[in-house]
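[1] Sequence first, then the predicted structure, then my questions.
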Amino acid sequence: MGAAANLDTAELAKFEAVAHQYWDPTGPLHTLHSLNPVRSEFVAARSVLAGARVADVGCGGGLLCESLAARGAQVTGIDLSPTMISVAELHAAESKLAIDYRLQAAAALAAAAPARFDVVCCMELAEHVPDPSALVAELARLLRPGGSLFVSTINRTPQAFLGAIVAAEYLLGLVPRGTHEYARLIRPAELARAARAAGLELRELAGLAYNPFTRRAHLGTRVDVNYLAQFSLPAGRA
């Protein structure tokens, strides 16, 4: 199962368990609904989406896919959770959005469609796979030369442990308990190193701040907890 080897079944089970509540803005994944407008705007402001071929790897129930499709992108969303894909397909049909959802691993899509996409997104997935560097390499294979990769993940710092795990999971209930494991969190330098090894160049790094009391998110300069990164595949390289 080479295409699905970069998978932790226990991590997958966490998201299968809440898939039926994915689109509930007050449910266990409500924080995603607050983060999604900021993430989608980050992508839209740094790429031309109208008519672009976009892949969302680890798409879940389709929040980001729908936001990008609504901006005119031709979106392919992949995930290894059957329930999440079913939820995504149903919601897209209700929203009258044509999105190509697939129960597929990143490696399988990269093998079937190398250098196919103008934009590749991977939000809140890297910290849940056994080998983040291998994932980044698979994401890079999806990009056409000149294309951009957007990654959102969580830094491995004491601030992130306190904010994204202790406070978010156990004190404030922003995400289900056990969603994140501190040892799996990824420092920006580690992500950038994996990207360089895959032939990508770092374009931008931004903090993603969230206020649990107002339930509003915004971009910032601090990357010690949540952060967004844009990488590009230089033209002439594949």
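    Happy to help now that I have it.
[2] tell me the contacts of the residue most central in space within the chain?
    Nearest to the geometric centre of the chain sits residue 123, at 1.2 Å (CA atoms, centre = their mean). Residue 123 is in contact with 39, 56, 58, 64, 150, 151, 152, counting by CB atoms under 8 Å, 6 or more residues apart in numbering. From N, CA and C alone the C-beta is placed, and that goes for glycine too.
[3] please redo it, this time with the cut-off set to 7 Å
    Neighbouring residues of residue 123 by CB atoms under 7 Å, 6 or more residues apart in numbering: 39, 58, 64, 152.
[4] Export these as CSV, with columns for neighbour count.
    Formatted as CSV, the contacts of residue 123 follow (neighbours: other CB atoms under 10 Å):
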residue, neighbour count
39, 24
58, 23
64, 27
152, 23
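[5] Counting only helices, which of those make the cut?
    Judged by DSSP state H, the contacts of residue 123 include 39, 64 as members of helices.
[6] if we can go back for a sec, for the residue nearest to the centre of the chain, which non-adjacent residue is closest in space?
    In space, and not counting its chain neighbours, residue 123 is closest to residue 152: 4.2 Å by CB to CB, 6 or more residues apart in numbering.
[7] what residue ranges in the protein score low on pLDDT?
    1-5, 236-238 (pLDDT under 70).
[8] again, only this time at 80
    Within the chain, the segments meeting pLDDT under 80 span 1-5, 163-165, 167-176, 178, 180, 212, 236-238.
[9] Which parts of it are strands?
    With DSSP state E, the ranges of strands along the chain come out as 53-57, 74-79, 100-103, 117-123, 143-154, 201-211, 216-220, 226-232.
[10] Take the ones you listed and write them to TSV, including distance to residue 28.
    Shown next, in TSV, are the strands of the chain (distance: least, CB to CB, whole Å):
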stretch	distance to residue 28
strand 53-57	21
strand 74-79	17
strand 100-103	22
strand 117-123	17
strand 143-154	18
strand 201-211	16
strand 216-220	17
strand 226-232	18
